[in-house]
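Participant: Can you look at this prediction? I've put the sequence above it.
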Amino acid sequence: MSGREHHYGTTVSWTGNQGSGTAGYKTYSRDHDIAAPGKPPIPGSSDPAFRGDPARYNPEDMLVASLSACHMLWYLHLCAVNGVTVTAYADEAAGTMAEDSSGGGRFTDVVLRPRVTVAPGSDSAKAVALHHEAHEKCFIANSVNFPVRVEAKITVGP
């Protein structure tokens, strides 16, 4: 490591008190706001399976999105410095979480499925190979204890 550290801070504020706090399991909303200084809030809740609001992001959505975004940002950087011109990128990432008998659980895997369009003249073999390097460099993928697989598809287009 280079010895540099980066620090991040967020504030999560519960907004789901419906008048009686947590007096009962069904008496409160799981709604909350996620905020960081100078950034718009993200509306959060729990997964609908756990009485959450399906219109809000849940922690599981955010974990999968973090893995996807980190991979994409590394990939775009590596393409830029290796002469591969990306013109479009979309990832339909999917994660699997398994509950255990105690009601807890954990993620068992995440699959990233980036669909990348590169400009004509770009080296499509290099474009594929750079996904491996992006995966190795991704801070978030290096921080989780479950497999993160990458199933990339490269298209050469205008």
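Facilitator: Arrived safely, thanks for sending.

Participant: Asp109 contacts Val150, doesn't it?
Facilitator: No. Between Asp109 and Val150 there is no contact under CB atoms under 8 Å: 11.7 Å. No exception for glycine: its C-beta is placed from N, CA and C like everyone else's.

Participant: what's the spacing between Ala134 and Met97?
Facilitator: From Ala134 across to Met97, the span is 24 Å (CB to CB, to the nearest Å).

Participant: more crowded one of those two?
Facilitator: Ala134 (24 against 17; other CB atoms under 10 Å).

Participant: Assumed that one was part of a helix.
Facilitator: Yes. Ala134 sits within a helix when classified using DSSP: H, G, I helix; E, B strand; the rest coil.

Participant: got the contact list for it?
Facilitator: By CB atoms under 8 Å, 6 or more residues apart in numbering, the contact set of Ala134 is His71, Trp74, Tyr75, Leu78, Val150.

Participant: Generate a ChimeraX selection restricted to the buried subset of these.
Facilitator: Selection of buried members from the contacts of Ala134 for ChimeraX, criterion 16 or more other CB atoms under 10 Å:
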select :71,74,75,78,150
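
Participant: Now name the helix or strand holding Ala125.
Facilitator: Using DSSP states H and E, Ala125 sits within helix 124-137.

Participant: List the buried residues for that helix?
Facilitator: Ala127, Leu130, His131, Ala134, His135, Lys137.

Participant: measure the closest residue to Gly16 other than its chain neighbours to Ala69 for me?
Facilitator: Nearest residue to Gly16, sequence neighbours excluded (CB to CB, 6 or more residues apart in numbering): Ser29, at 3.1 Å. From Ser29 over to Ala69 the distance is 27 Å, taken as CB to CB.

Participant: for Asp109, same thing?
Facilitator: From Asp109 to Ala69 the distance is 18 Å (CB to CB).

Participant: same thing with Ala94?
Facilitator: Taken as CB to CB, the span from Ala94 to Ala69 is 15 Å.

Participant: after the helix ranked longest in the chain, next one along is what?
Facilitator: The helix that spans the most residues within the chain, counting by DSSP state H, is helix 59-81. For helix 59-81, the following helix or strand on the C-terminal side (DSSP H and E) is strand 86-91.

Participant: Return that following strand as PDB; C-alpha atoms alone will do.
Facilitator: In PDB, the C-alpha atoms belonging to strand 86-91 read as follows (Å, rounded to 0.1, in the frame of the first residue of the first chain):
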ATOM      1  CA  VAL A  86     -15.600   3.200 -24.300                       C
ATOM      2  CA  THR A  87     -18.700   4.800 -25.700                       C
ATOM      3  CA  ALA A  88     -21.400   3.100 -23.500                       C
ATOM      4  CA  TYR A  89     -21.400   1.000 -20.300                       C
ATOM      5  CA  ALA A  90     -24.300  -0.500 -18.400                       C
ATOM      6  CA  ASP A  91     -24.200  -3.200 -15.700                       C
END
